[in-house]
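# From the sequence below, what's the structure:
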Amino acid sequence: MAVFVDGCFWHGCPEHYSRPRANQEFWDRKVAANIARDKETTARLGSEGWTAIRIWEHVSVGDAVEIVTAAVRTSSGSGPSDSVASVKPE
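Below is the predicted model:
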């Protein structure tokens, strides 16, 4: 299992991302590349049998613990599992 806590600014959170006023083209490309890399990483982990969990930084610690705990309880053993989970809206 791989758990990622993604920052709202750097990963383009639909609730909290605020587009910078300066260098907008640079930041648009940068954040879009981060989002694409996140999706690619999650897919690659899934293809290798790992569960990837992505949690936004604004999710409370308690909620994050519940999400990870639930994923651990539903996984089938100690090694890589055969599913990919994402709690980030696509």
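
# And Trp56, how far from Cys13?
Going from Trp56 to Cys13 by CB to CB, to the nearest Å gives 5 Å. Where C-beta positions appear, they are placed from N, C-alpha and C, glycine not excepted.

# Overlap in contacts, the two.
Shared contacts of Trp56 and Cys13 (CB atoms under 8 Å, 6 or more residues apart in numbering): Asp6.

# How about the secondary structure of the most centrally placed residue in the chain?
The centroid of the chain falls nearest to Arg54 when counting by CA atoms, centre = their mean (2.7 Å). On the three-state scheme (DSSP: H, G, I helix; E, B strand; the rest coil), Arg54 is labelled strand.

# same deal with Cys13?
From three-state DSSP, the assignment for Cys13 is coil.

# Identify the residues contacting it.
Counting by CB under 8 Å, 6+ apart, Cys13 has contacts Asp6, Gly7, Trp56, Glu57, His58.

# Having no further points to raise, I will conclude here.
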